[in-house]
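S.K.: would you be able to build a 3D model of this:
(2 chains)
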Amino acid sequence: MSRRAIFRFRLYVAGEAPNSMAAIANLAVLCRVHLPDRYEIEIVDVFRDPKRALADSIFMTPTLVVLTPPPIRKIVGTLSRTQTVLLALGLPDIAA
Amino acid sequence: MTSARASAAKLAVKASTGIAGFDEITGGGLPRGRTTLLVGGPGSGKTIFGLQFLAHGAQNCAEPGIFVAFEESSTRIVANAESFGWKLPALQKKKLYFMDAQPQADLVQSGDFDLCGLLAALEAKSREMGARRIVFDALDVVLALLPDPAKKRREIYRLHEWLLARELTAIITLKAGGDETTSISQQPFGFMQFMVDCAVMLNHSVVLGVSQRSLRVQKYRGSGFDENESAFLIGNRGFEVAVAHTQSRLDATVSNQRVSSGIERLDTMLGGGYYRGASVLITGFSGTAKTTLSGAFAEAACRRGEHTMFVCFDTNSTEVIRNLRSVGIRLDRYVKNGTLRMISSRAITGSAETYLVRIKALAMEHGARCVVIDPVSAWSKSGNDLSTQSVADRLIDWSKGEGTTLVCTSLLDEMSGQGEGGSQLQISALVDTWIHLNYLIQAGERNRGLSIVKSRGTAHSNQVRELILSDAGVTLTDTYTAGGEVLMGTLRWEKERAERVATEAADAAAKLKRLRLDAEEAELEVRVKSLQTELVAKQVEKALLVRTTQSHEGELSRGRTQMQELRGADATTAVRKAAPP
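M.R.: Model (predicted):
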């Protein structure tokens, strides 16, 4: 995987629910630390845009969809376990 | 419009499930606008229950519904339910929506999450289609992803609150551990049973190798319900719950009309035949002509043009027809013209419950007014005694409710059923008429005896009659009792002959005696006549004697006077002197 690849994320949240807020914060930190300058984040509120959630089959919130690089992956939860998230993104653990 | 809605609202305390029997148990269906929990083990029919609830709502109650599938994909569910004839693909266009919410197998989970996304999506969809019913199938699948019990509980409450706020009639299905001994509160989602307004348990067990399904309503807030376990079946029209003793069925109208048993003398013994709508039990050991007797009934019913169904468990229907032909009962022509329907039970397999449901469905389809089940005791082979007994109860309930005349035979076990030991299914207490057949072995012969053990509401003969099967048909004869024993067969024939001879002899003796008496009478008459003659002779003789005596006395006195005159010695002489001077 190219080190230059851009990560495009779409994060589905449920209004200002605590775990959704936590996910936004966790994602922001993760991107800043591990993917500086090569990420895009789109946040979708399922309460405001339920049709989109329905169309995308988002039932659990928060859900992070990794649009690029392929394949499309879904990560559910507050993203608090950074190791798991990095593994799912295919990023080597910098700390290790 | 408003009045229609108002009347609908009045009725609308309960949402009909369209499941035969279940609405009766619960007095109308599931609590409207509330949540029902459906708990059951694998293959216990949770999904089908939910699906039928939705299909019925969409098709018959104008209540669109949403099916949230957490476990199976919706396409598979629809395909699996195709055989039930609910027309799901047609309903899917507008009134029924399937939401595939299966967690993906490669789903990565990191930290806590909630079900807001689901609820938001459902909110949008239910508004769009005006949904009134919703089913969450296998909610436990998604709950299992949540890390700790407190979070699971939070999501369940969130879901519950949402459902209540939307006033959706909901079913949530959960898997049960399958272990009945575990108390509810120990089960993973035990607290849900306290939360919801209605909880239904589905059970699937195998008893003596026979599958038995049962259902129990555990709680139902604000409503009475049948608290007992009820057997159910997944038939070809979906769920079917067996309901015992519903009030409406028990109060069925009773007929005074009589129907022939097919045997003239038996009708006489019963005071005119069976009652229409009665249930008749014929018990006996094998070979006591139970089938023949029920065949005679079926033939008589067909002759009256009544649709009849004959269910045979022991033999094939063609064999039954052939065998009955040998005793002059011709069923084949009625099979041909469609009056009679023969069902061989080999076509039916499963528990007693299955048999009952199948028989009910077939009888309904045929429009049968008379049903013969030969023998009903075959049911006791399938499954445990308790359930088969309740099936027999319901069979009788059902036939009474429908006004169907039911004739069942019951095989007595040679070992257990000594004499009139009753039937294994204990249905003898429920039936209206109980005819018992048995063998009497006497003088090297085995003869069939028929007696009426009971017949409710009809005068009936107390006699044991001999049942005679011949190619001309079935007849009953009088029997003779001699020295406390009933004579049958040859002994009866001998007795009959002896009686004939005795009668003839008595006749002859009487004739002889009359003749003798006639002679004596004549003789006496002759004697009377001669005596009378003698009497007359004596009377004449006596009269003669009197007259002779008188003349004799006269002669004497005359003679004396004359003598005195002649002598002239006394006073008389003066007279005499004066006379001749």
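S.K.: only C-alpha atoms from now on, for both contacts and neighbour counts.
M.R.: Fine.
S.K.: so where's the stretch 351-500 of chain B uncertain?
M.R.: Scanning the stretch 351-500 of chain B for pLDDT under 70 picks out B:380-388, B:413-426, B:481-486.
S.K.: strands of that one, residue ranges please.
M.R.: B:370-374, B:405-411, B:433-442, B:445-455, B:465-470, B:473-477, B:480-482, B:485-487 (DSSP state E, counting those that start in this stretch).
S.K.: tell me what the first one is packed against?
M.R.: Strand B:370-374 is packed against helix B:290-303, strand B:308-312, strand B:405-411, with contacts defined by 3 or more C-alpha pairs under 8 Å, 6 or more residues apart in numbering or on different chains; DSSP states H and E.
S.K.: so what strands line up beside it?
M.R.: Within its sheet, strand B:370-374 is paired with strand B:308-312 (parallel), strand B:405-411 (parallel), according to DSSP bridges.
S.K.: could you single out the most deeply buried of those strands?
M.R.: Mean neighbours per residue, mean count of other C-alpha atoms under 10 Å in any protein chain shown, is largest over those for strand B:405-411, with a mean of 27.
S.K.: now it, how far from the centre of its chain.
M.R.: 7 Å (C-alpha atoms, centre = their mean, to the nearest Å).
S.K.: by how many degrees do that strand and helix B:290-303 diverge?
M.R.: Interaxial angle, strand B:405-411 versus helix B:290-303 (axes from the mean of the first three to the mean of the last three C-alpha atoms, to 10 degrees): 170 degrees.
S.K.: any residues touching strand B:405-411, and which ones?
M.R.: Contacts to strand B:405-411, defined as C-alpha atoms under 8 Å, 6 or more residues apart in numbering or on different chains, come from residues B:275-286, B:290-291, B:294, B:369-377, B:396, B:399, B:423.
S.K.: and if you look at stretch B:302-312?
M.R.: Contacts for stretch B:302-312 (C-alpha under 8 Å, 6+ apart): B:298, B:301, B:317, B:320, B:334, B:339-345, B:363, B:366-375.
S.K.: can you say which of the contacts of strand B:405-411 are buried?
M.R.: For these, a burial check counting by 16 or more other C-alpha atoms under 10 Å in any protein chain shown picks out B:275-285, B:290-291, B:294, B:369-377, B:396, B:399, B:423.
S.K.: ok, which of the helices and strands packed on strand B:370-374 comes nearest residue B:228?
M.R.: Among the helices and strands packed on strand B:370-374, strand B:405-411 comes nearest to residue B:228, with 27.0 Å by C-alpha to C-alpha.
S.K.: so which elements touch the helix or strand hosting residue B:163?
M.R.: Counting by DSSP states H and E, the element that carries residue B:163 is helix B:149-166. Under the contact criterion of 3+ C-alpha pairs under 8 Å, 6+ apart, helix B:149-166 touches strand B:35-40.
S.K.: run the chain-centre distance for the strand it packs on.
M.R.: 37 Å.
S.K.: and the angle for that strand with helix B:149-166?
M.R.: Put simply, strand B:35-40 runs at 130 degrees to helix B:149-166, going by the same axes, to 10 degrees.
S.K.: after strand B:35-40, which helix or strand is next?
M.R.: Next helix or strand after strand B:35-40 toward the C-terminus (DSSP H and E): helix B:46-60.
S.K.: residues contacting the helix or strand just after that next one, please?
M.R.: Under the assignment DSSP H and E, the closest C-terminal helix or strand after helix B:46-60 is strand B:65-69. Residues from elsewhere that reach strand B:65-69 (C-alpha under 8 Å, 6+ apart): B:51, B:54-55, B:57-58, B:95-102, B:126, B:131-138.
S.K.: list the neighbouring strands of strand B:65-69 plus their orientation.
M.R.: According to DSSP bridges, strand B:65-69 forms sheet pairs with strand B:96-100 (parallel), strand B:133-137 (parallel).
S.K.: how far off helix B:46-60 does that strand point, in degrees?
M.R.: Using the same axes, to 10 degrees, the direction of strand B:65-69 lies 160 degrees away from that of helix B:46-60.
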